[in-house]
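Colleague: This is a predicted model, with the sequence first.
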Amino acid sequence: MTPEDPASPAPPPDREERPDQLGQERRSGHPEHDETLDRLERAPEHGGESPLVVVQGLRKVYRSGPKEVVALADVSFEAYPGELIAIRGRSGSGKTTLLNQIGGLDRPDSGRVVVAGRPVTELPEPGLLELRRDVVGFVFQSFGLIPVLSAAENVGVPMRLSRTPVTERDERVRMLLSLVGLEKHMNQRPYELSGGQQQRVAIARALANRPKLLIADEPTGQLDSQTGRQIMQLLRALVRSEGVTALVATHDPALITLADRVLQLHDGALVTPDPSPATAPAPA
C-alpha cells in the first residue's frame with residue numbers, strides 16, 4: 001500500500017446515534033456555550049472518501065548516551081475527512097511525539113506521513129512551513145496566545161502571515177470568534193479571559209487559514225473537568241461545521257466518549273483500546 005494509492009479501509013464507525021447523544025451532552029447550563037453549539041451545523045456522513053491522513057510505520061527513538069527510549073514503534077493508521085479521533089494513553093506513551101510527526105514539527109527515524117496528499121516526512125523545511133501555515137492548525141495545552149494582543153488580533157495572526165487581505169481577514173476573525181462564542185470579547189487580551197475562553201481563542205486562531213487538519217495536544221489539560229468537556233464538545237462541533245479532520249491527544253477518559261474513534265498508545269505502539277462508550281458495541 002502506498003499513500004498515493006491506499007487500499008480502501010473500512011469506513012469510520014457508524015455515528016447515526018451520535019446526534020442524540022450530543023443533544024443530551026451539550027446542555028451545560030452556560031448560555032454562551034449552548035448558544036454557540038446551537039449555531040453549528042453537523043455535516044453529513046462521509047463515505048467512500050480517501051483518507052486525509054496516512055501514517056505508515058512511524059518509528060522514533062530518543063537516545064541519551066547508551067540508553068534508548070522508543071517513543072513510537074511502527075505506528076500506522078488513517079484518518080478521514082470530518083473525523084475527530086482521540087489519541088489516548090498515559091504520559092510518556094508517545095501521544096505528543098506522534099502529533100509532532102504528523103504536523104511536521106519533528107521527523108521520525110523511519111516511516112512515512114502523508115497529509116492532504118503532501119508527503120510530510122519528505123518535505124524540505126520551506127514545504128513544512130507551508131504545511132503548518134496552510135494545511136494544519138495547532139491547538140496546544142498552554143493556549144500559546146500573544147499576551148499583548150487582543151483576542152481578535154491573536155486570531156488574525158496566521159492570516160497576517162499568509163498575507164490575507166485586510167477586509168477578508170477582519171471578516172474571518174469576526175466569524176470565527178462568533179463561532180466559538182466570543183464575539184463579545186474580541187477586544188479583550190488573554191489575561192482578561194478565563195482559561196476556557198483563552199482556549200476558544202486558540203481554537204479560532206487554529207482555524208484561521210481554513211486548515212484541513214486540526215491537531216490538538218491535550219487541549220483541556222489546564223482546564224477544570226466541566227470546561228474541558230465544553231471545549232471537547234466545541235471541537236467536535238467545529239469538525240463538522242468547518243469540515244476538518246481533528247486529532248486530539250487526551251488522557252481524560254471522560255472526554256474520550258466525544259470522539260468518533262479512539263486510538264490508544266502504549267509505550268509508543270498502537271494497541272486495542274479498552275471498551276468505552278465511543279468504541280464498545282451497543283448492548284443487545
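Modeller: Structure received.
Colleague: my guess is residue 86 meets residue 255, correct?
Modeller: Yes. Using C-beta atoms under 8 Å, residue 86 is in contact with residue 255, at 7.1 Å. Placement of C-beta: from N, CA and C, glycine included.
Colleague: who's more crowded, the two?
Modeller: residue 86 (27 against 22; other C-beta atoms under 10 Å).
Colleague: Just the buried residues of the lengthiest helix in the chain, please?
Modeller: Longest helix in the chain by number of residues (criterion: DSSP state H): helix 225-242. Buried residues in helix 225-242, counting neighbours by 16 or more other C-beta atoms under 10 Å, are found at 227-242.
Colleague: Kindly report the same for stretch 262-269.
Modeller: Neighbour-count burial for stretch 262-269 [16+ other C-beta under 10 Å]: 262, 263, 264, 265, 268.
Colleague: OK, contacts around residue 52?
Modeller: Shown in contact with residue 52 (C-beta atoms under 8 Å, 6 or more residues apart in numbering): 79, 80, 81, 115, 116, 212, 213, 245.
Colleague: Next: residue 270.
Modeller: 75, 76, 77, 263, 264.
Colleague: if you set the cut-off to 6 Å instead, what comes out?
Modeller: 75, 263 (C-beta atoms under 6 Å, 6 or more residues apart in numbering).
Colleague: Could you list the paired strands of the helix or strand where it lies along with their orientation?
Modeller: For residue 270, the host element (DSSP states H and E) is strand 269-271. Strand pairing for strand 269-271, using DSSP bridges, gives strand 261-266 (antiparallel).
Colleague: Give me the pLDDT value at the residue with the largest distance to the centre of the chain.
Modeller: Residue farthest from the centre of the chain, counting by C-alpha atoms, centre = their mean, is residue 66 at 35.3 Å. pLDDT for residue 66: 84.
Colleague: Report the separation between it and residue 76.
Modeller: 29 Å (C-beta to C-beta, to the nearest Å).
Colleague: Give me the contact list for stretch 66-78.
Modeller: 9, 51, 54-62, 94, 97, 268-270.
Colleague: now, which of those residues lie within strands?
Modeller: Residues of those located in strands (DSSP state E): 54, 55, 56, 57, 58, 59, 60, 61, 62, 269, 270.
Colleague: Filter these down to just the buried residues.
Modeller: 54, 55, 56, 58, 59, 60, 270.
Colleague: before we move on, back to that, just among the contacts of residue 52, which is most surrounded?
Modeller: residue 115 (27 neighbours).
Colleague: For beta bridges, what are the partners of that one?
Modeller: Going by DSSP bridges, residue 115 forms beta bridges with residue 53, residue 118.
Colleague: wait, isn't it in contact with residue 55?
Modeller: No. In this structure, residue 115 is not within contact of residue 55 by C-beta atoms under 6 Å, at 9.3 Å.
Colleague: wait, which of the ones in strands among the contacts of stretch 66-78 is closest to residue 140?
Modeller: Closest to residue 140 out of the ones in strands among the contacts of stretch 66-78 is residue 60 (19.5 Å), distances taken as C-beta to C-beta.
Colleague: What about residue 272, how many residues nearby?
Modeller: The number of residues near residue 272, taken as other C-beta under 10 Å, comes to 9.
Colleague: what's the answer for residue 131, then?
Modeller: 19.
Colleague: Could you look up the SS state of it?
Modeller: helix (DSSP: H, G, I helix; E, B strand; the rest coil).
Colleague: mind putting the buried ones among the ones in strands among the contacts of stretch 66-78 in a markdown table, distance to residue 174 and pLDDT included?
Modeller: Output for those, formatted as a markdown table (distance: C-beta to C-beta, whole Å; pLDDT from 0 to 100):
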| residue | distance to residue 174 | pLDDT |
| --- | --- | --- |
| 54 | 35 | 96 |
| 55 | 36 | 96 |
| 56 | 40 | 95 |
| 58 | 39 | 96 |
| 59 | 44 | 95 |
| 60 | 41 | 95 |
| 270 | 41 | 93 |
